[in-house]
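> Predicted model and sequence follow; I will ask about them next.
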Amino acid sequence: MADLYPTQRAGYRGRLAPSPTGLLHIGHACTFWTAYQRALAHNGTLVFRNENLDPQRSKPEFAQPMMEDLAWLGIRWQEGPDVGGPFSPYEQSRRRELYFEVWRRLRDGGFIYPCTCSRKDLAMSAAAPNDADDEPVYPGRCRNKISEARNYDVPKGVNWRFLVPDGEPIAFDDLRQGRQSFVAGKDLGDFIVWRRDDVPAYQLAVVADDAAMQITEVVRGADLLKSTARQLLLIGALSLPMPAYYHCDLVRDLAGTRLAKRHDALSLRLLREQGLRPQDVLAMCPS
């Protein structure tokens, strides 16, 4: 069985965790370059992890280009696949046993419950205000099913939500963005940890992998600050060590919108084909 609590290795351990859902863009380049530089500064280890959990969005044809583009930038990692080599065991799609063990521990600890709400149910429910880039706050319709959780031997068939402690502050000191504070039940509601189509959700998988891979610092974009609050709740429920966090400033287009994979004109692959050099791309990163 995959070990969620390995014997901790000494020293700094960071990670690169791209998803093969499209071509990497300048925003990814800046974030992953920062992760690489911080690992170098700490004389640490950098782990490459392929976050390909979502079978609907993850495409195998994007996996190899994302490795090649990061290597072209000059980024080197010490654990994970070589360029052109296999990802396993650094592929989330191959780590289901670990995620199931985490789901079981959360179920047995009384932290999660089955949710049968449809999208239509949620659309008709009044929800607390939420950020445009974030998921709506769940109204709690299925919270009374917490006592039914142990009736399930497997998670398949329903969504599973983490029961957030309403009113509890969730605070952490980010190494880039400073002090962050959220209120459970107000800024974030009960979030999904396992989907009804039998796919582990992002929040659960990331917490499980960071613990199993002994990551000591997580470097990622500032759009994931609220995700960190959710993950801290999972870390506490599972009694895991908390990594440090460094949320990079976002790269935005001329209209001020943060870059996404739909911005094909700013993909690293296209910029490479246009003749840009790695230093040209990195010059576009926020200072």
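Right, received. Where do you want to start?

> In terms of helices and strands, where is the residue nearest to Leu234 when sequence neighbours are not counted?
Using CB to CB, 6 or more residues apart in numbering and skipping residues adjacent in sequence, the residue nearest Leu234 is Val207, 4.5 Å away. For glycine as for every other residue, the C-beta is placed from the backbone atoms N, C-alpha and C. Element membership for Val207, per DSSP states H and E: helix 202-212.

> What are the contacting residues of that helix?
For helix 202-212, the surrounding residues in contact (CB atoms under 8 Å, 6 or more residues apart in numbering) are 2-6, 15, 17, 49, 51, 53, 92, 95, 98-99, 102-103, 106, 162, 191-194, 215, 218, 227, 230-231, 234-235, 238, 240-241, 243.

> Let me know the secondary structure of Glu68.
Per DSSP: H, G, I helix; E, B strand; the rest coil, the local secondary structure of Glu68 is helix.

> Same question for Ala35.
In the three-state summary, Ala35 is assigned as helix, counting by three-state DSSP.

> got a list of what the nearest residue to it once chain neighbours are set aside touches?
Leaving aside its chain neighbours, Ala35 sits nearest to Val219 (3.9 Å; criterion: CB to CB, 6+ apart). The contact partners of Val219, by CB under 8 Å, 6+ apart, come to 14-15, 31, 34-35, 38, 246-248.

> same check, this time on Glu168
183-185.

> what does Leu175 give?
Applying CB under 8 Å, 6+ apart, we find Leu175 in contact with 217, 244-246.

> Kindly indicate which of the residues you listed lies nearest Leu23.
Distance to Leu23, by CB to CB, is smallest for Tyr246 among those, at 24.4 Å.

> Other residues contacting the helix or strand of the chain with the lowest mean pLDDT?
Lowest mean confidence among the helices and strands of the chain (mean pLDDT, DSSP states H and E): helix 119-124, at a mean of 77. Outside helix 119-124, the residues within contact range by CB under 8 Å, 6+ apart are 136, 138-139, 141.

> Including pLDDT and secondary structure, could the residues you listed go into a markdown table?
Putting the contacts of helix 119-124 into a markdown table (pLDDT from 0 to 100; DSSP: H, G, I helix; E, B strand; the rest coil) gives the following:
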| residue | pLDDT | secondary structure |
| --- | --- | --- |
| Pro136 | 87 | coil |
| Tyr138 | 95 | coil |
| Pro139 | 93 | coil |
| Arg141 | 94 | coil |
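
> who wins for most neighbours among these?
Neighbour count (other CB atoms under 10 Å) singles out Tyr138 as the most crowded of these, with 24 neighbours.

> All the strands of the stretch 1-150 of the chain, in order from the start?
Counting by DSSP state E, counting those that start in this stretch, the stretch 1-150 of the chain forms strands over residues 13-16, 45-48, 112-115, given from the N-terminal end onward.

> Okay, now the sheet partners of the first one, with direction.
Pairing partners of strand 13-16, with direction, according to DSSP bridges: strand 45-48 (parallel).

> just the last one next, same as before
Note on strand 112-115: by DSSP bridges, its sheet partners are strand 159-162 (antiparallel).

> and for the partner strand, what are the contacting residues?
Defining contact as CB under 8 Å, 6+ apart, one finds that strand 159-162 is touched by 103, 106-107, 111-117, 138, 142, 190-196, 203, 230, 233-234, 237.

> Report the rounded mean pLDDT for it.
Across strand 159-162, the average pLDDT comes to 98.

> How about stretch 199-209?
Averaging the model's pLDDT scores along stretch 199-209 yields 98.

> Using PDB, write out every CA atom in it.
The C-alpha coordinates for stretch 199-209 follow below in PDB (Å, rounded to 0.1, in the frame of the first residue of the first chain):
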ATOM      1  CA  VAL A 199     -12.200  10.400  -9.800                       C
ATOM      2  CA  PRO A 200     -10.300  11.800  -6.800                       C
ATOM      3  CA  ALA A 201     -10.600  15.600  -6.700                       C
ATOM      4  CA  TYR A 202      -7.700  17.900  -7.000                       C
ATOM      5  CA  GLN A 203      -7.600  19.000  -3.300                       C
ATOM      6  CA  LEU A 204      -7.400  15.400  -2.000                       C
ATOM      7  CA  ALA A 205      -4.800  14.300  -4.600                       C
ATOM      8  CA  VAL A 206      -2.500  17.200  -4.100                       C
ATOM      9  CA  VAL A 207      -2.500  16.900  -0.300                       C
ATOM     10  CA  ALA A 208      -1.900  13.100  -0.500                       C
ATOM     11  CA  ASP A 209       0.900  13.500  -3.100                       C
END
